[in-house]
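In: Here is a sequence with its predicted model. Questions after.
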Protein chains: 6
Amino acid sequence: MDNVVISIGGSILVPDDHDTSYIKELADMLLRIKKDAKLFIVVGGGRIARYYIRLGRDLGADESYLDDVGIAVTRLNSRMLITALGDSAYHVPAESFDEAIMASKNHDIVIMGGTHPGHTTDAVSAMLGERVGAVRLINATSVDGVYTSDPKKDPDAKRLPTVSFPELVRICLQVEGGAGPNVVFDPLGAKIIARSGIETRIVHGRELVELEKAILGKDFHGTIVSE
Amino acid sequence: MDNVVISIGGSILVPDDHDTSYIKELADMLLRIKKDAKLFIVVGGGRIARYYIRLGRDLGADESYLDDVGIAVTRLNSRMLITALGDSAYHVPAESFDEAIMASKNHDIVIMGGTHPGHTTDAVSAMLGERVGAVRLINATSVDGVYTSDPKKDPDAKRLPTVSFPELVRICLQVEGGAGPNVVFDPLGAKIIARSGIETRIVHGRELVELEKAILGKDFHGTIVSE
Amino acid sequence: MDNVVISIGGSILVPDDHDTSYIKELADMLLRIKKDAKLFIVVGGGRIARYYIRLGRDLGADESYLDDVGIAVTRLNSRMLITALGDSAYHVPAESFDEAIMASKNHDIVIMGGTHPGHTTDAVSAMLGERVGAVRLINATSVDGVYTSDPKKDPDAKRLPTVSFPELVRICLQVEGGAGPNVVFDPLGAKIIARSGIETRIVHGRELVELEKAILGKDFHGTIVSE
Amino acid sequence: MDNVVISIGGSILVPDDHDTSYIKELADMLLRIKKDAKLFIVVGGGRIARYYIRLGRDLGADESYLDDVGIAVTRLNSRMLITALGDSAYHVPAESFDEAIMASKNHDIVIMGGTHPGHTTDAVSAMLGERVGAVRLINATSVDGVYTSDPKKDPDAKRLPTVSFPELVRICLQVEGGAGPNVVFDPLGAKIIARSGIETRIVHGRELVELEKAILGKDFHGTIVSE
Amino acid sequence: MDNVVISIGGSILVPDDHDTSYIKELADMLLRIKKDAKLFIVVGGGRIARYYIRLGRDLGADESYLDDVGIAVTRLNSRMLITALGDSAYHVPAESFDEAIMASKNHDIVIMGGTHPGHTTDAVSAMLGERVGAVRLINATSVDGVYTSDPKKDPDAKRLPTVSFPELVRICLQVEGGAGPNVVFDPLGAKIIARSGIETRIVHGRELVELEKAILGKDFHGTIVSE
Amino acid sequence: MDNVVISIGGSILVPDDHDTSYIKELADMLLRIKKDAKLFIVVGGGRIARYYIRLGRDLGADESYLDDVGIAVTRLNSRMLITALGDSAYHVPAESFDEAIMASKNHDIVIMGGTHPGHTTDAVSAMLGERVGAVRLINATSVDGVYTSDPKKDPDAKRLPTVSFPELVRICLQVEGGAGPNVVFDPLGAKIIARSGIETRIVHGRELVELEKAILGKDFHGTIVSE
């Protein structure tokens, strides 16, 4: 069966309040399509990660230590999705690629968070994509694709239906420099998918119908990054 | 040097907002007295633990799994205090008693959170007190001692300056049954300090002057549990 | 398939002499019924645990350290049952709930001993029951049920065919206070099965025909704890 | 400070009954001389190991699995000596050479048991001697040295005050073949001390005065193996 | 399915240059026969191990530390064969027998290197053979069997088609003493297969047709060690 | 004492032949200056890493897996330097930042290799510099500083005695694009030292006199990167 990696932001997954309806609907969708693909899901840190990182930075922590704090939160968020998925998912967040691969032998769905200081969960999802030979990588984020400029600021910004790997790397490096249109993937992650040629799809994570289509390789609303 | 164990609630330590002044003042006090006692601090889960446990319960998690979720948060909170303490503290939350003891050989202060489902951090602090032969255990909590009845409801409630071990066990079991005056320690923790005869001091964790006196074995405002 | 957790005392399992006939007969029975239920077996410490704990206490060990000593013996005992079960059982004692769950994906039977200081293997079995969503928990012990008073002392003691969860908690707390009729389950374990509503069956572990019926949910000689 | 490794049989250390007087006297002696040498003690399995190995073999376990059973018992025995030594000893049995070395940085005495199937604790002590550059290795065993023939059978057997490394290897291989005078060291251990030229002293472990002299490099009653 | 253990020397597997053709052909053969037997492959250290061990010895390392260096190289070599085998093989080198057994539940082929100082990968393969109840053990080495004398030196040396366990032990001990005909197995490994009666086949590892026949229990060119 | 991190290439450290004189001289120098600074040394992979990575890539391994192969070699190389340093160095390669920090409490010098796929050892050294609050980071590499263009190709290339953090990032990104003057640091490492403002010194690793001066913060021949 094809392997698909999904990177999902912590803020997409975990609510600001106590509303678990999105997680439940996401889990229902994933359980429905698990027969069509082996799913590896990488969960980000979101609001609670930012809360602890802000506290820690104010208390004098260095950036690498704060990365470890953030990783701990990605694993807490992962446990929420694991719970919603029940027995089809590996029952703990995988803490390494090797553990994720081992878990995939007995489970339809494997969830993990961050792995190591110095890279985001986007980069984790890209490396995991390499490791499992994923046919595609889905970035379920808070925008519905790559735009020509920042759609929040520029009314003429246009969504690009397709982007090449070199273009994605260039856009991500611009963003890092503070000049790019919007955040869609981190530069290290972009370089990794470029070197390995993994088709990557940017989709709004809250639009579950589009997310499902993106996972299954169907036409969807968003941006495809490919050669 | 004498070993002292301090159990501090997550809600005492970590703010609802982004105000780190309490953590900083607590750290200053602990660094000032670290020459007088080897300090083992057990940190609870507090607000963020309750947030994730509520989400997880709504998603269908069992209680033991939710304990693991809570433990992960106690370790995040621990990292905040570790950061504030700098090089005097073991640089990661100890995950077991054995690790805490090993870390204490090279550090003045060791921080840990929960260890295993089925135990609160109060019980962890009591077992750690046994393991390190603590001369006393401090419960830095949200009340300033054991009362004859719940001081929030009964204006005639009186704080007890001293309580015997059997009384503490009795009070804690009442609380568990829903009938006790107020929460000061969990029943398993109470039984453990009773069996080992570890002097225990209940003090309001936000009153740093009283907390310091309690740690150092001086007269303080609160309740002493002893034989 | 239904999950069933079985708590079996070390003294039931491991002989005082070198007679392995009980372990072999127990293994034969478990292998015969493994097609009807996924079995999780928690093994206690028994005679050898008591031997080392007595030595250690005489040498000055604290109670938490002695718990670790006892846990090591439960794992030795577990290895005896694992050997008798052959390839159907996970080949090492699971050291945590997470490891037990992982092992259960590839094995019909998973064996574990204690996990952490501060609770007995009864409490381990109760938490494991929560974690795996067990349909029932069997306590294979040295009495054939819960009695109105201690049957060794009182000729009028009567076995209770059914007991409610609150009654079990009450009886177990009495035992702890030194006043109860007989030991059937530890208080922490009793509270856990009560909070999760796991049907629990007390049966004499050496009566293999009754034990088999208890495991399979049939009528048996013993006591049922339920709502 | 000089490193000295001591191999002590489980049957020497742990009593058949509940008499802890030998362990206490041994601990007193070791604590008295800890200022003169860094001590690494390797504890064997003895009676309880043989009990479980016999049970396991009867139940059909393979020999490598039984080695693991024996190793678990050596660690239980180690915990008894650790308890008697108190804070001067590393608080858990080291499970590898690397852990033993790390522990030795903060402790006067480090205790360990077996490490891996296929090696006795004699071989473990020899490899540990290599790893820590021990000035000498003491084998505290149930005979008071190497004899010309088995002293239990031959009234003319004579104790050899000194033996060369090649002679020790030859004697140990004879024993293995069933023809040697008596058991003093296992062949793998003998080869290791021979290749590294570690002076080795065979002494009766229950003769504490002689054992102390052997450890400290003084004249003693026993056998010295050297170049 | 029958378990077969294969011990393969690092110099057989990994080339001096960059030629991977042998590894690929070996992998093709193993994948072809994986339906006929569960394969456990133990890989040795070879040229790179000798390089690092020589460096380390010149720098003053003790022999046990150098064993750990060699083990690290056996795991690197293992990763080459794992890569060539793809998804049929466990994706990392198993680091212990327990991990190898666990991995074998989900994989046709499990690869491991050394495990612990003091024994070669031959001894690892023998102990693994015990642990998994192997029907046979294949030693894929650089000679095509056991000879009456060293075939490189003595033109009259004759290959022995069969050898008994005691003869193998005797030959291996001679080799160790520097007097034996040629290296076919290490003495500890020889003793282990003798005690457990595991049929062992010595075959030239580069002769893939013979190796395949040896694995499958067919007639082959080499030496059979049996009772 | 000040913490100094040193990144040293595998090809600088480990010889092509069996000549250990450089490692010994480096070790002598480090032991001489250990009283002036706490040293953390990150060792790269070099020739043997490239050998295995080339084999693995030819056999079809993905890039993340090959990173793990390279990390294993960095740890082998680390063991060579550890051996040369003797008891002053932590006796095994630290496998994480947390282990490195713990080891630094009892050792003057801590050695580590790579930590995780996706990062070079340059990036590891930068993150370790953050984690330990290093006063400076030394990159002991195969060129003697940052040049205006590639000195191997352009006779007019000039070494820059100082470079700003933004310039280093820019140069490193150019190199990655194939257009830069020469390799001095990887882009991720450059970004990390820039965000944390760690003074970084580029020095030729084989020039031990200059390397010593660079470590001690004295004037040296090379390039200083600072604000």
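Out: Now that the structure is in, tell me what you want to look at.
In: what's the burial count for the residue of chain A at minimum distance from chain C?
Out: Chain A approaches chain C most closely through A:N106 (4.0 Å), counting by Cβ to the nearest Cβ. Every C-beta, even on glycine, is put in place using the N, C-alpha and C of the backbone. Neighbour count for A:N106, taken as other Cβ atoms under 10 Å in any protein chain shown: 14.
In: And for the one 10 residues further on?
Out: Using other Cβ under 10 Å, the number of residues around A:H116 comes to 23.
In: List the residues that contact A:L30.
Out: A:L39, A:I41, A:L85, A:I109 (Cβ atoms under 8 Å, 6 or more residues apart in numbering or on different chains).
In: pLDDT added to the residues you listed, as JSON lines?
Out: Formatted as JSON lines, the contacts of A:L30 follow (pLDDT from 0 to 100):
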{"residue": "A:L39", "pLDDT": "98"}
{"residue": "A:I41", "pLDDT": "98"}
{"residue": "A:L85", "pLDDT": "98"}
{"residue": "A:I109", "pLDDT": "98"}
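In: Among those residues, which ones are in strands?
Out: With strands defined by DSSP state E, the entries of these inside them are A:L39, A:I41, A:I109.
In: picking that back up, out of the contacts of A:L30, give me the one that has the most neighbours.
Out: A:I41 (28 neighbours).
In: Do a quick rundown of the helices in chain A.
Out: A:10-13, A:21-33, A:46-58, A:63-85, A:97-104, A:121-132, A:165-176, A:187-196, A:208-216 (DSSP state H).
In: looking at those helices, which has the lowest confidence?
Out: Here the helices of chain A differ in mean pLDDT, and the lowest is helix A:165-176 at a mean of 83.
In: What is the burial count for the closest residue to A:F97 other than its chain neighbours?
Out: The spatial neighbour of A:F97 that comes closest, neighbours along the chain excluded (Cβ to Cβ, 6 or more residues apart in numbering or on different chains), is A:R131 at 4.7 Å. By other Cβ under 10 Å, the residues close to A:R131 number 26.
In: A:R131 contacts F:E63, correct?
Out: No: using Cβ atoms under 8 Å, A:R131 makes no contact with F:E63, being 9.1 Å away.
In: and A:P15, what is it in contact with?
Out: A:Y22, A:I23, B:L55.
In: Output the set of residues of chain A in proximity to chain C.
Out: Along chain A, the residues adjacent to chain C under the rule Cβ under 8 Å from any Cβ of the partner chain are A:H91, A:V92, A:A103, A:N106, A:H107.
In: just curious, which of those residues is nearest to chain E?
Out: A:N106 (6.8 Å).
In: How about the closest one: what's its closest non-neighbour residue?
Out: C:K105 (4.0 Å).
In: tally of neighbours for that neighbour?
Out: 18.
In: Please tell me how far it sits from chain D.
Out: Using Cβ to the nearest Cβ, to the nearest Å, we find C:K105 at a distance of 22 Å from chain D.
In: now swap in A:L66 and tell me
Out: Between A:L66 and chain D the computed distance is 28 Å (Cβ to the nearest Cβ).
In: Excluding chain neighbours, what is closest to that residue?
Out: A:L66's closest residue in space is A:I53 (Cβ to Cβ, 6+ apart), at 4.8 Å.
In: Near the one you found, how many other residues are there?
Out: 19.
In: quick revisit: output the ones in strands among the contacts of A:L30 as TSV; include the columns distance to B:D219.
Out: Listed next are the ones in strands among the contacts of A:L30 as TSV, based on distance: Cβ to Cβ, whole Å:
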residue	distance to B:D219
A:L39	61
A:I41	56
A:I109	58
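In: Name the nearest of those relative to chain F.
Out: The closest of the ones in strands among the contacts of A:L30, once distances to chain F are taken by Cβ to the nearest Cβ, is A:I41, at 17.7 Å.
In: That closest one against A:I8, yeah?
Out: Yes: if you go by Cβ under 8 Å, A:I41 and A:I8 touch, sitting 6.2 Å apart.
In: that older thread, can you lay out the ones in strands among the contacts of A:L30 as CSV showing distance to chain F?
Out: Output for the ones in strands among the contacts of A:L30, formatted as CSV (distance: Cβ to the nearest Cβ, whole Å):
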residue, distance to chain F
A:L39, 19
A:I41, 18
A:I109, 21
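In: Quickly name whichever of those is closest to B:V184.
Out: Lowest distance from B:V184 to these (Cβ to Cβ) belongs to A:I41, with 42.4 Å.
In: Show me what from chain A comes close to chain B.
Out: Going by Cβ under 8 Å from any Cβ, the residues of chain A near chain B are A:14-15, A:18, A:20, A:23-24, A:48, A:51-52, A:54-56, A:58-61, A:65, A:68-69, A:72-73, A:75-76, A:79-80, A:83-84, A:86.
In: let's go with 7 Å and repeat that
Out: A:18, A:20, A:23, A:48, A:52, A:54-56, A:58-61, A:65, A:69, A:72-73, A:75-76, A:79-80, A:83-84 (Cβ under 7 Å from any Cβ of the partner chain).
In: what about burial for these, which qualify?
Out: Neighbour counting with 16 or more other Cβ atoms under 10 Å in any protein chain shown marks A:20, A:23, A:48, A:52, A:55-56, A:58-59, A:61, A:65, A:69, A:72-73, A:75-76, A:79-80, A:83-84 as buried within the residues of chain A next to chain B.
In: how many neighbours does A:K218 have?
Out: Counted with other Cβ under 10 Å, residues neighbouring A:K218 total 9.
In: Buried subset of the residues of chain A next to chain C as a PyMOL selection?
Out: Only the buried entries of these go into this PyMOL selection, using 16+ other Cβ under 10 Å:
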select buried, chain A and resi 91+92+103+107
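In: Just the ones of the residues of chain A next to chain C in strands?
Out: Per DSSP E, strands hold no members of the residues of chain A next to chain C.
In: do you know how far A:V92 is from D:A190?
Out: 46 Å (Cβ to Cβ, to the nearest Å).
In: any chance of the residues of chain A next to chain C in JSON lines, with distance to C:D186 too?
Out: Converted to JSON lines, the residues of chain A next to chain C look like this (distance: Cβ to Cβ, whole Å):
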{"residue": "A:H91", "distance to C:D186": "26"}
{"residue": "A:V92", "distance to C:D186": "27"}
{"residue": "A:A103", "distance to C:D186": "33"}
{"residue": "A:N106", "distance to C:D186": "33"}
{"residue": "A:H107", "distance to C:D186": "34"}
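In: farthest-separated two in the residues of chain A next to chain C?
Out: A:V92 and A:N106, at 12.8 Å, using Cβ to Cβ across the residues of chain A next to chain C.
In: Pull the contacting residues for A:T200.
Out: A:R136, A:L137, A:N139, A:I193, A:V225 (Cβ atoms under 7 Å, 6 or more residues apart in numbering or on different chains).
In: May I see these organised as JSON lines, with distance to chain E and neighbour count added?
Out: Output for the contacts of A:T200, formatted as JSON lines (distance: Cβ to the nearest Cβ, whole Å; neighbours: other Cβ atoms under 10 Å in any protein chain shown):
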{"residue": "A:R136", "distance to chain E": "19", "neighbour count": "23"}
{"residue": "A:L137", "distance to chain E": "19", "neighbour count": "29"}
{"residue": "A:N139", "distance to chain E": "25", "neighbour count": "28"}
{"residue": "A:I193", "distance to chain E": "21", "neighbour count": "29"}
{"residue": "A:V225", "distance to chain E": "26", "neighbour count": "27"}
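In: circling back: just curious, which of the ones in strands among the contacts of A:L30 is nearest to F:A157?
Out: A:I41 (48.9 Å).
In: which ones are touching the closest one?
Out: Contacts of A:I41 by Cβ under 7 Å, 6+ apart are A:I6, A:I8, A:L81, A:I109, A:I111.
In: residue contacts, the closest residue to the third one other than its chain neighbours?
Out: Spatial nearest neighbour of A:L81, excluding adjacent residues (Cβ to Cβ, 6+ apart): A:I111 at 5.6 Å. Under the criterion of Cβ under 7 Å, 6+ apart, the contact list for A:I111 reads A:I41, A:V43, A:S78, A:L81, A:I82, A:A89, A:Y90, A:P93.
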